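predicted model and sequence below, questions to follow.
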Amino acid sequence: MKLLSAGFCGDPHSHKTRNYIRKATRHVCISRMRKEIARQKYCNNSNPDSMINIETVTDMQTMDIGETVIDGMIVSTLYDVIDELEHDEQNLIFDKYFYNKKYFQLAAEQGVSYHVIKRKLLAVNKKLKQKLMNTIAYQ
């Protein structure tokens, strides 16, 4: 789909790609749920008379977030957000999550230390998450 047309390495229909998208989607959804729960708890603590139903946010035992959200716009949005990243950031994401390379393998390939790769990947993940959340919030 969009990964192939954008010149990404890897097959967008492969098992690894779907697992990465599920993981990224799940982490973003869980983050948003935690923030919503914290906001609701803050509202309940600041105004004890307010009745906000937290069960609607936390009652997720009957469904898998990754399977629920993977359908629809979130996949397309994730492709678009990955497409907006710089080429070296895209390669770092693909090498780490699609091809399951270890930090030391990535460091050896790029000729930098383990800690530099770890910081780069942390920054890329943060950037990806922020762009994804901003894109979803403004749609």
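Right, received. Where do you want to start? Numbering: from 1, shown residues only.

name the helix or strand for L121, please.
helix 114-137 (DSSP states H and E).

need the residues that contact that helix.
Residues from elsewhere that reach helix 114-137, judged by CB atoms under 8 Å, 6 or more residues apart in numbering: 24, 27-28, 31-32, 74, 77-78, 80-82, 84-85, 89, 92-93, 96, 103-104, 106-107, 110. All C-beta spots, glycine's among them, are computed from the backbone N, C-alpha and C.

now list the buried members of the residues you listed.
24, 27-28, 74, 77-78, 81-82, 85, 89, 92-93, 96, 106-107 (16 or more other CB atoms under 10 Å).

could you point out which element follows the helix or strand of the chain with the lowest mean pLDDT?
Among the helical and strand segments of the chain, the one scoring lowest on mean pLDDT, DSSP states H and E is helix 2-5, with a mean of 40. Downstream of helix 2-5, the next assigned helix or strand under DSSP H and E is helix 15-46.

relative to helix 114-137, how tilted is that next one?
Angle, helix 15-46 to helix 114-137, by axes from the mean of the first three to the mean of the last three CA atoms, to 10 degrees: 70 degrees.
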